[in-house]
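Trainee: Sequence plus predicted model, see below.
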Amino acid sequence: MASFVERVVGAARLDAKVYEEVEADPTAMGQAIAVVAASALAAGVGSIGGGATGAVAAVVSGIVGWFLWAVVTWLIGTKLLPEAGTRADLGQMLRTIGFSAAPGLLNVLGIVPLLGLLAWVVAAVWQLVAMVVAVRQALDYTSTGRAVLVCVIGWVFYLIVSLGVAAVMGIGGVLLGG
């Protein structure tokens, strides 16, 4: 079994074996939460603006977002778009998607002038690709295309819910430029 650091590096390298290992290891939940929290904290530090409160808010929203995203992708992948061999529980999805946040550690580079936007774009694309690998492995898919479809549908649903929550909380106008 790989160490925590080896798992984080392997997840960032998009190593399917690492995602399979994390999927099969129920004790890796704490590690998955740590990856999500560290990635969210890196984003908070990289954006500088929020100070300590912003960093805490970034970690909390990162963990809540990770949980919701995992639930949505798990439901879509197991109920709407399963393959014949799809066998997954929510814990497996939470662990693999948690590790797919590893590339988000790059966001800490946002503190370097002129590097912030580039770091954010690279990290976002890299995390998306890592999530496809995580979903494919957690759902035991043979098709990467199906994993992409699950991620896209999940993202649209997640975006709608996020905007709805923001609107209810009175920050929808700010997010939508109003």
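Mentor: That came through, no problem. Keep in mind it's a predicted model, so treat the numbers as computed, not measured. Numbers count the residues shown, from 1 in each chain.

Trainee: Residue 74 - how many residues pack around it?
Mentor: Residue 74 sits with 23 neighbouring residues when counted by other Cβ atoms under 10 Å. C-betas here are computed from N, CA, C, even on glycine.

Trainee: Secondary structure element for residue 149, which one?
Mentor: Taking DSSP states H and E as the definition, residue 149 sits inside helix 144-168.

Trainee: other SSEs contacting that helix?
Mentor: With contacts defined as 3 or more Cβ pairs under 8 Å, 6 or more residues apart in numbering; DSSP states H and E, helix 144-168 has these neighbours: helix 51-75, helix 116-138, helix 172-175.

Trainee: In CSV, list those helices along with mean pLDDT and distance to residue 148.
Mentor: CSV is the format used below for the helices and strands packed on helix 144-168 (pLDDT from 0 to 100; distance: least, Cβ to Cβ, whole Å):
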stretch, mean pLDDT, distance to residue 148
helix 51-75, 82, 11
helix 116-138, 92, 5
helix 172-175, 46, 26
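
Trainee: Identify, out of the ones you listed, the most deeply packed stretch.
Mentor: helix 116-138 (a mean of 20; mean count of other Cβ atoms under 10 Å).

Trainee: Could you dump the helices and strands packed on helix 144-168 into CSV with distance to residue 101 added?
Mentor: Output for those, formatted as CSV (distance: least, Cβ to Cβ, whole Å):
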stretch, distance to residue 101
helix 51-75, 7
helix 116-138, 6
helix 172-175, 22
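
Trainee: quick one, which of those is nearest to residue 6?
Mentor: Among the helices and strands packed on helix 144-168, helix 116-138 comes nearest to residue 6, with 15.6 Å by Cβ to Cβ.

Trainee: so what's the nearest residue to residue 44 once chain neighbours are set aside up against?
Mentor: In this structure, residue 44 finds its nearest non-sequential neighbour in residue 58, 3.1 Å apart by Cβ to Cβ, 6 or more residues apart in numbering. Contacts here follow Cβ atoms under 8 Å, 6 or more residues apart in numbering; on that basis residue 58 touches 40-41, 43-44, 47, 50.
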